[in-house]
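**Student:** sequence and predicted model, in that order:
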Amino acid sequence: MGKSPLHAMRYFDPGPGVRKIAAELYESVKKLPIISPHGHVEPWILAENKPFPDPVELIITRDHYLFTMLYSRGIPLESLGIPTRDGTPVEPDPRKIWQTFADHYYLFSGTPTGAWLSYEFSEVFGISEKLSGKNAMLIYDQLTEKLQRPEFLPRALYEQFNIEVLSTTDRATDSLEHHRAILDSGWNGRVIPGFRPDSLIHITREGWKQELDALSAVSGVEINSYKSFLHAIEERRTFFKSMGATSTDHDVFNPFTHQLTAAEAEDIFLRALHGRATGEDGDLFHAHMLMEMARMSVEDGLVMQIHCGVLRNHNKVLFDRFGPDAGSDFPVQTEFTKNLQELLNRFGNDRRFTLIVFTLDESTYSRELAPLAGHYPAMKLGPAWWFNDSIEGITRFRRQVTETAGIYNTVGFNDDTRAFPSIPARHDLSRRVDSNFLAGMVARHMIDMSDARNMSRALAYDLAKKSYKL
Amino acid sequence: MGKSPLHAMRYFDPGPGVRKIAAELYESVKKLPIISPHGHVEPWILAENKPFPDPVELIITRDHYLFTMLYSRGIPLESLGIPTRDGTPVEPDPRKIWQTFADHYYLFSGTPTGAWLSYEFSEVFGISEKLSGKNAMLIYDQLTEKLQRPEFLPRALYEQFNIEVLSTTDRATDSLEHHRAILDSGWNGRVIPGFRPDSLIHITREGWKQELDALSAVSGVEINSYKSFLHAIEERRTFFKSMGATSTDHDVFNPFTHQLTAAEAEDIFLRALHGRATGEDGDLFHAHMLMEMARMSVEDGLVMQIHCGVLRNHNKVLFDRFGPDAGSDFPVQTEFTKNLQELLNRFGNDRRFTLIVFTLDESTYSRELAPLAGHYPAMKLGPAWWFNDSIEGITRFRRQVTETAGIYNTVGFNDDTRAFPSIPARHDLSRRVDSNFLAGMVARHMIDMSDARNMSRALAYDLAKKSYKL
Amino acid sequence: MGKSPLHAMRYFDPGPGVRKIAAELYESVKKLPIISPHGHVEPWILAENKPFPDPVELIITRDHYLFTMLYSRGIPLESLGIPTRDGTPVEPDPRKIWQTFADHYYLFSGTPTGAWLSYEFSEVFGISEKLSGKNAMLIYDQLTEKLQRPEFLPRALYEQFNIEVLSTTDRATDSLEHHRAILDSGWNGRVIPGFRPDSLIHITREGWKQELDALSAVSGVEINSYKSFLHAIEERRTFFKSMGATSTDHDVFNPFTHQLTAAEAEDIFLRALHGRATGEDGDLFHAHMLMEMARMSVEDGLVMQIHCGVLRNHNKVLFDRFGPDAGSDFPVQTEFTKNLQELLNRFGNDRRFTLIVFTLDESTYSRELAPLAGHYPAMKLGPAWWFNDSIEGITRFRRQVTETAGIYNTVGFNDDTRAFPSIPARHDLSRRVDSNFLAGMVARHMIDMSDARNMSRALAYDLAKKSYKL
C-alpha cells in the first residue's frame, strides 16, 4: 500500500488554531476500537465469510445512498444492476456498471458518500488514484484481485477494521441462524442482533397477519389475543437477549405515545385479527405499543431506539419495480415534545430505562430534543442520522444540541450502514468531525484541553459502549 | 472611475487558507456572462431604452427590499414617494426622498441590500464615497448627471453588465408587446418572457373572471369549459415559447398536488364560472392545475418553477394604500415531502421534465428538499431565495443541501430582481459566496481544486444555462 | 483577587483576523453599564439586602438550568435540596449538596451554564481554581466566607455589577411591596417591576377565580363583568407604571391573536365566571386579550413582550413534587406569520406601540420573525432566549436575523435570569459573542469598523435602553 492520497488534516477547520488541536484530539482516538451499536450489515456475510463476489456487489448494489445520487442525475437503476422484483431485466455486466459509476464519480464531490468512498479505496483497498471514467477498468481489476485474497474476507476485514462489537438489525421473527452460526464458529468477532419488531406493531399494514403467523411459529406461542401477542413478543426479546442483543429499534413515522387500557388494546387487536382495524386503530395501537416496548425495556434492560419521521417508498414506480430501500424514503416534519410526553412521564424518570431518539428533522435539535434529553434521565440523543451523517450534518448536530444537552446525554456514533466496507470510513469521519468540533471549543476557550480529551474519547468510544450496555 | 472602495476579498472567510482559494475560484468565474433565468425587470425598460428619470426612481421606488427596511424604522412610505393607489399624496420631491434615504443608510449595514447598493454605487456608477446624510445631495447630483449619459441607458447597462440572457416574468395573458418590440428593434440583447399563469389558476380570487376574459381575448379561444380553459392555456404557452420563453413560474402558497378526474375538474371549473366555487374547490383545483402544468411541461419542454410558501399582502393597511409588492409578503412553514408526492410520482421520474423548487422555509432544506432533489431525476433546487439571497443565506443553503443533493441537482443563481442596476451586484455576491463555500471544502480537503473549479463554473454559469435550457 | 483564569480572548473566533477586531469591539463596550430590561430576580433580595445564606442557595437551588442538567444524568433533585411541595424530605446539608454538584461539574463543559459559573467563580468571587470533587469543600468555605462580607451583599453586588436598571417580572396582582421598600430605602439602585398578567388571562386554568379575587382586592374594582375586568387591569397597569414599570410580559403558548366583539368577550367572560368556559373559549379569550393588551400598550406606552411556545410542567412527576420551574418546560413549534396577523394589522403600523417577540423555535428566525420585524414599525425581536442564550445560540440568532431585520429591529440583550450573581456573566458573554459576530462581518468586509463600533454599542447598551424606554 503506497502513501495515502487522503490528507492527514482532512475535515478539520483550516485555521491553524483549531486544526492543531483537532489533530491532537483525533490522534488520541483514531485507533480506539470501533463500537458499532446499530447498523444494517447482513449477518450472513460474516457467518459465511466468503469473498465478496465483485466490486459492484461490494460497493454499489447495497448502497442506496450511492445509487440514488446516480438515479437523480438520470441514470436508470436497471443500468446499475439493482435487482428488480418485477422481472425487468437489468444490466448483467458488472464491468459496464462499474464504468457507468466511474463516469459519474464527480457527482459525489463534497458528499459524505464521496468521502467514505475515498477512504475505502485508499485505506481499505490501497488504491491511491481517484476513480474516473479513464481508470475505471484498471481499478475494477485491482479491486477484483484483492477481493480474492484472504485478508479481504469479511471476518478478516472485521478484524482489520478493529471492530469490537457490531450490532445488526433483525426482524423480531428472525431465527437468528446466522448469529448462531457465528457464535458456533468459534470466531472471536462479536456480532449481535438488534430486535426490530416494526412489522408486528403496524397492524394495518399489508402482510401483518403473515408476520403474526411467523411470530407464532418462532415463539411457540399461539397468538389469539392481545395478551398472547405481548407474551410472544416478550419471548422473542428474551431470545434475542440470549443471543447477545442489547437493544431494540423502531421505525416510527410519528412518535405519538399513548397508553391504552388492556381492554382497549385487546379490542383493537381483535379487530386487526379479523382484518377490520381502521387507520385510527392502527395509530392508537402503535402509540400504545411504544409504551409497551418501553415497559418491556424497563423490565428486560434492552435499550430502546426510535428512528423517527421517515415516509418510506415515496416513489411508487421505483418501489413496484425494486422494492423497499431503493432510495426513495424521505423525511417529514416531526414533533417530539407533545408526542413523547406520555411515554416520558411514565418511564422517562426511570434510570433503568434508556430511550435513544433519532431524527431527520434538524429543526427539533435545539427546540425539542436537546431540552428533553437535557432533562429526562432515560432519554438520550442518537447521533446525526442518515442524510445528516456527514461533515456539516454532524457539526450542526453538535452545535445545536451540546449547549443544552451536553455531550453526555448523547450516545456517540452509529454507522448505521448496510455497506460493510464503509464502516471504518464512517467512524473515521465522525471521529475527525467530533474532534474538530471540540477543538473549536478549545480554541474559543469554552473548554480546556483536559475536558476536550475526555469528551473526545467519550464521543469516539465510551458513550456508545455505555449507552448501549456493550 | 477611481479606485473601487470595495475590498477585493469581500465576503470571503478571513482566514488566509480559505481566502486564497476563494479568491482564485472567484477570479476564474467573475467575468463569465450573466445568465438571469428568472427575474422581475420590466421589459418596457429595455424596449423603450430611455434614460432612468432620477436616482430615486432607479434605486428606491422599485425596490421593496429597500423601502420596507426604512418603513420598519418608522419612515412612512409616503415620504419615500412610493405611489399610492388610493390617492393619498406622497412626497413629490426626489431630492427630499433621497435625503431621507441617505440619512438612514446605516440601517443597511450588514444586509444584502447594503452590499448590493455599495456595488451599484461603486462599480456601476463609479461613486467611491459611502452615502450619508452629509453627502446625499452631492451623490444625488452625480447620479443624475450620469443617468443622462448614453452609457447609462438600459441597453448600454445590459451590455456593460455582460448579460447573456435575461428572463422576465409575465402574466399568461400579457401581449408580450415589449418583448416583441425588443425583438423587432434589431438589438442583440436576449430578453425572454417567463410564463406566469397564477391569476388564471386561483379560481376563487377576486378578478378571476376578468382574467379569464383576458385569456379568451388574447388566445382567441372561447372559454366555456375546463377543456377550453386548458386549451387556451396551452395556446398561450405555445405563444410564450415562440417568443423565447423556456420556463413557467408559479407562486404556490401550499405545494399540494393532486390529480382530479376530468369530470371533477370540469365540475369545479363550472362552479367557478358561475361564481359558486368554494375555498376547498379552489384548493383542489390549484393542486390539480399544478399536475396539469407539469404535464404540459413534459409535453412542451418548458421548465416549471414553483416559488412556495408566501402569505402575500399581510399588512392590509399598506395593501389598501399601496397595492401589492409593498413589502408585506411573509413566509410560512411549508411541507414538500407529502405535498409533492403525487406530482413527483407521476412526472418526477421523467427526464423530459424539470421542476425547480424554491422555498423560504429553510427547515426544509436538509429535511425535505435535498433528499427529494437527490432522488427524483426531474426535481432540482432553486437557489436561496428572497430573504435568504444573502451572504449567510446562500451559505446556509449550500451547507444544508450539498451533502445530500450535490451541486448538480441545483440550478446556479437567480437574481430574481425588479431592480435592474442591482443585477451585476447580485451575481457578483453570489459568485463570491459560492466560491468561498467551495474554498471551505477545498481547505478542509473534502474536494480537490480541480473539482472546485468545475463546481465553481457550474454554479456561476453552466447550471443556470443548462437547467433553464438557455 | 489573583489573576483571572478566564482567557481574555474567550468566545472569540480563533483566527487572528476576527479575534483582533472582536477584542477591540468588546473592549469598547465591556464597561458599559448593564441594562437588564427583563429578568426574574426576586425583588425582596434587594429590598432586604441580607447576606446570601450559603453557596447552595446562591448558586444551585434557584437555577433550573443548572439542576436540570444534573437531574438528566441521574441525580435526584431531592439530593440537591430542591424544596418539595409534597413534603418529600430533601438533603438538608448544603455541604453534601455542594459536593454532589462539584463531583458532576464536568457535565457543564461546553454549556452556557458552565461559562457563566466560571465567570461567577472567578470574576465575582475571585476563585481561580476550577471546581472539582477534590476542591469542593475548599471552595465552599471560600464562598461562605465571602458571602458574609459587606461587599457581597445584594446591593453591593448590584453596584459592583454596574447595573443601571433591573426589571423584575411580577404578577399583575402583586402589591409591589418590595419595590416600594427599595424606593423608600433611599438606595440609588433602579429596580423596576414588569407587569405579567398571565394568570388573569388564562380563564380556564385552575385558580383563575382566586386570581380574579386578588385582582379585585388590589385594584379596588369589583369585577363582575368583562368591562370591569378590563378596567381593573388598566388600573393595575397604571399602578405598575407609577412604580417605574416600562413593560409588560406574556407567556404565550400559541401567539394566536383575534379581536372579539365586546359582546363576545363579555359572553365568554361570564361563562368563565360561572366556571362554564370551554377550552375553545379559553383560546379565543386569550387571543382577544393579546389584542387588548396591545391596545392598552398603545395607550399607556408600556412595551409589550411575548415569550412564545413553551409547554410548561411537562414532567408531571416532578411538577407534583417540586411545583413549577423545576426544569421541565419544553419548547414546541410556533407559528407567527398567520397568528400575529390580526394584531400587527391593527397595531403594528402604530409607532407608539412596541411589541417584542421571543421564541425558542429557531426555524422561525429567518422564515417569519426577521421578515415581520423587518417590516412592521412596532415589532422588534427579543434576543436569543433561554436554551438559545448561549455562544452558539446567540450566534445563530444574529446570523439568521441580521440580514433581513438588521440589528436596529432587535432589542439588545436580556439576561432573563433568576440567578442574581449570574447577571454580569451573562451580559459579558453576550457582549463577547455579539462583538465576535460583528468582527466576522468586518473581517469579511461586509461592514466597516465605524459601523461595527456603533452596532456594538447598540447591541450592548443603546438598543435595550431605547426599546424598553429606560
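**Tutor:** Perfect, I can see it now. Residues are numbered from 1 along each chain as shown, chains lettered A, B, ... in the order given.
**Student:** contacts only, for A:His64.
**Tutor:** With contact taken as C-beta atoms under 8 Å, 6 or more residues apart in numbering or on different chains, A:His64 is in contact with A:Asp325, A:Ala326, A:Gly327, A:Arg418. (Glycine included, C-beta is placed from N, CA and C.)
**Student:** out of the residues you listed, the closest to B:Gln259 would be?
**Tutor:** Closest to B:Gln259 out of the contacts of A:His64 is A:Ala326 (23.3 Å), distances taken as C-beta to C-beta.
**Student:** what about the stretch 1-150 of chain A, any weak spots by pLDDT?
**Tutor:** Applying pLDDT under 70 to the stretch 1-150 of chain A flags residues A:1-3.
**Student:** near chain C, which residues of it?
**Tutor:** By C-beta under 8 Å from any C-beta of the partner chain, the residues of the stretch 1-150 of chain A that approach chain C are A:Gly15, A:Gly17, A:Val18.
**Student:** I'd like those residues as CSV, with neighbour count, secondary structure and distance to chain B appended.
**Tutor:** CSV is the format used below for the residues of the stretch 1-150 of chain A next to chain C (neighbours: other C-beta atoms under 10 Å in any protein chain shown; DSSP: H, G, I helix; E, B strand; the rest coil; distance: C-beta to the nearest C-beta, whole Å):
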residue, neighbour count, secondary structure, distance to chain B
A:Gly15, 23, coil, 5
A:Gly17, 19, helix, 9
A:Val18, 25, helix, 10
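**Student:** quickly name whichever of those residues is closest to chain C.
**Tutor:** Chain C lies nearest to A:Gly17 out of the residues of the stretch 1-150 of chain A next to chain C, by C-beta to the nearest C-beta, at 3.5 Å.
**Student:** with adjacent residues omitted, what lies nearest to the closest one?
**Tutor:** Spatial nearest neighbour of A:Gly17, chain neighbours left out: C:Pro14 (3.5 Å); criterion: C-beta to C-beta, 6 or more residues apart in numbering or on different chains.
**Student:** surely that neighbour meets A:Met446?
**Tutor:** No - using C-beta atoms under 8 Å as the test, C:Pro14 is too far from A:Met446 to be in contact (11.0 Å).
**Student:** those two: who's more crowded?
**Tutor:** A:Met446 (26 against 21; other C-beta atoms under 10 Å in any protein chain shown).
**Student:** residue contacts, the more buried one?
**Tutor:** For A:Met446, the contacting residues are C:Arg10, C:Tyr11, C:Gly110, C:Gly114, C:Ala115, C:Ile391, by C-beta under 8 Å, 6+ apart.
**Student:** among the contacts of A:His64, name the ones in helices.
**Tutor:** Among the contacts of A:His64, none falls in helices (DSSP state H).
**Student:** what's the burial count for A:Lys134?
**Tutor:** A:Lys134 is flanked by 11 other residues according to other C-beta under 10 Å.
**Student:** how about the residues of the stretch 51-200 of chain A that lie near chain B?
**Tutor:** Counting by C-beta under 8 Å from any C-beta, the stretch 51-200 of chain A comes close to chain B at A:68-69, A:71-74, A:106-112, A:114-115, A:130.
**Student:** residues contacting A:Gly406?
**Tutor:** A:Gly406 neighbours (C-beta under 8 Å, 6+ apart): A:Gly374, C:Met69, C:Leu107, C:Phe108, C:Ser109, C:Gly110, C:Thr111.
**Student:** now with 10 Å?
**Tutor:** By C-beta atoms under 10 Å, 6 or more residues apart in numbering or on different chains, the contact set of A:Gly406 is A:370, A:373-374, A:455, C:69, C:72-73, C:106-111, C:113-114.
**Student:** need phi/psi at A:His258.
**Tutor:** For A:His258, the backbone dihedrals (degrees, to the nearest 10) come out as phi -160, psi 130.
**Student:** quick one, what contacts it?
**Tutor:** Taking C-beta under 10 Å, 6+ apart, one finds A:264, A:283-288, A:290-291, A:339, A:341-343 in contact with A:His258.
**Student:** and with 8 Å instead?
**Tutor:** Residues near A:His258 by C-beta under 8 Å, 6+ apart: A:Leu284, A:Ala287, A:His288, A:Met291, A:Glu342.
**Student:** just curious, which of the residues you listed is nearest to chain C?
**Tutor:** Using C-beta to the nearest C-beta, A:Glu342 is the member of the contacts of A:His258 that lies nearest chain C, at 9.9 Å.
**Student:** which non-adjacent residue is nearest the closest one?
**Tutor:** For A:Glu342, the spatially nearest residue (C-beta to C-beta, 6+ apart) is A:Thr257, at 4.8 Å.
**Student:** could you check the pLDDT of the one you found?
**Tutor:** pLDDT for A:Thr257: 98.
**Student:** tell me the residues of the stretch 351-470 of chain A that contact chain C?
**Tutor:** For the stretch 351-470 of chain A, the contact set with chain C under C-beta under 8 Å from any C-beta comprises A:351, A:363, A:366-368, A:370-377, A:379, A:399-400, A:402-409, A:440-441, A:443-448, A:451, A:454-455.
**Student:** for the residue in the stretch 201-350 of chain A that chain C sits nearest to, which three-state class applies?
**Tutor:** Here the residue of the stretch 201-350 of chain A nearest chain C is A:Thr337; by C-beta to the nearest C-beta that distance is 4.7 Å. For A:Thr337, the assignment made with DSSP: H, G, I helix; E, B strand; the rest coil gives coil.
**Student:** just checking, it touches C:Pro331?
**Tutor:** Yes - using C-beta under 8 Å, A:Thr337 is in contact with C:Pro331, at 6.7 Å.
**Student:** and those two? Which one has more around it.
**Tutor:** C:Pro331 (25 against 22).
**Student:** what number of residues lie near A:Gly220?
**Tutor:** 8.
**Student:** who's in contact with it?
**Tutor:** Going by C-beta under 8 Å, 6+ apart, the list of residues near A:Gly220 reads A:Glu235.
**Student:** gap between stretch A:32-41 and the chain center?
**Tutor:** 9 Å (C-alpha atoms, centre = their mean, to the nearest Å).
**Student:** start to end distance for it?
**Tutor:** Using C-alpha to C-alpha, to the nearest Å, one end of stretch A:32-41 lies 21 Å from the other.
**Student:** what ranges do the strands span in the stretch 201-350 of chain A?
**Tutor:** Taking DSSP state E, counting those that start in this stretch as the test, the strands found in the stretch 201-350 of chain A are A:247-252, A:303-308, A:310-311, A:330-331.
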